[in-house]
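J.: pasting the sequence and the predicted coordinates here, then a few questions.
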Amino acid sequence: MVRRTFIGSAALVGIAGLFGFAKPQPEKPLLHHVFFWLQHPESTTDQQQLIAGLQTLAAIPSIKQIHIGTLASTEKRDVVDTSWDVSELLFFDDAAGQKIYQDHPIHLEFVKNCSHLWKKVLVYDATDV
């Protein structure tokens, strides 16, 4: 009887979802972590110019928190990647907020003004579990 009730309930939830009766799940916060490799890693001027450009992104309203960083002086281990030069970590309420950021004129201006500074960019996007 318990198994039949469970299967029946699961089927009902599936049908409800098919017809739009299920409650929508709230979006989860999204973290957007970007790593930059500079064209000229020895240039402190280029590094500071990239950091200044990244700081302009804080004015985009959908960004809830921003962290801009450089390599930390931590223990060297095989699992630690120390090949990048500058990173940014952005926090958004949800994927929609990250999309607003991607299309925002301030972000587009940053890419236009600073893309000559980097030779490689790598992005990791993650949501809460």
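T.: Arrived safely, thanks for sending.

J.: which residue packs closest to Q49, ignoring adjacent ones?
T.: L117 (6.1 Å; C-beta to C-beta, 6 or more residues apart in numbering). Where you see a C-beta, it was placed from the backbone N, CA and C, and this is true even at glycine.

J.: err, Q98, not the other one
T.: Closest to Q98 by C-beta to C-beta, 6+ apart is F92, at 4.6 Å.

J.: check contacts around that neighbour.
T.: Listed by C-beta atoms under 8 Å, 6 or more residues apart in numbering, the contact partners of F92 are 29-32, 62-64, 98, 101.

J.: and those, which of them are buried?
T.: 29-32, 62-63, 98, 101 (16 or more other C-beta atoms under 10 Å).

J.: redo those as JSON lines? Include pLDDT, secondary structure and distance to L71.
T.: Below are those laid out as JSON lines (pLDDT from 0 to 100; DSSP: H, G, I helix; E, B strand; the rest coil; distance: C-beta to C-beta, whole Å):
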{"residue": "P29", "pLDDT": "95", "secondary structure": "coil", "distance to L71": "26"}
{"residue": "L30", "pLDDT": "96", "secondary structure": "strand", "distance to L71": "25"}
{"residue": "L31", "pLDDT": "97", "secondary structure": "strand", "distance to L71": "19"}
{"residue": "H32", "pLDDT": "97", "secondary structure": "strand", "distance to L71": "20"}
{"residue": "S62", "pLDDT": "97", "secondary structure": "coil", "distance to L71": "28"}
{"residue": "I63", "pLDDT": "98", "secondary structure": "coil", "distance to L71": "23"}
{"residue": "Q98", "pLDDT": "97", "secondary structure": "helix", "distance to L71": "25"}
{"residue": "Y101", "pLDDT": "98", "secondary structure": "helix", "distance to L71": "25"}
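
J.: let me know the closest of those residues to D85.
T.: Of all the buried ones among the contacts of F92, H32 has the smallest distance to D85: 18.0 Å, by C-beta to C-beta.
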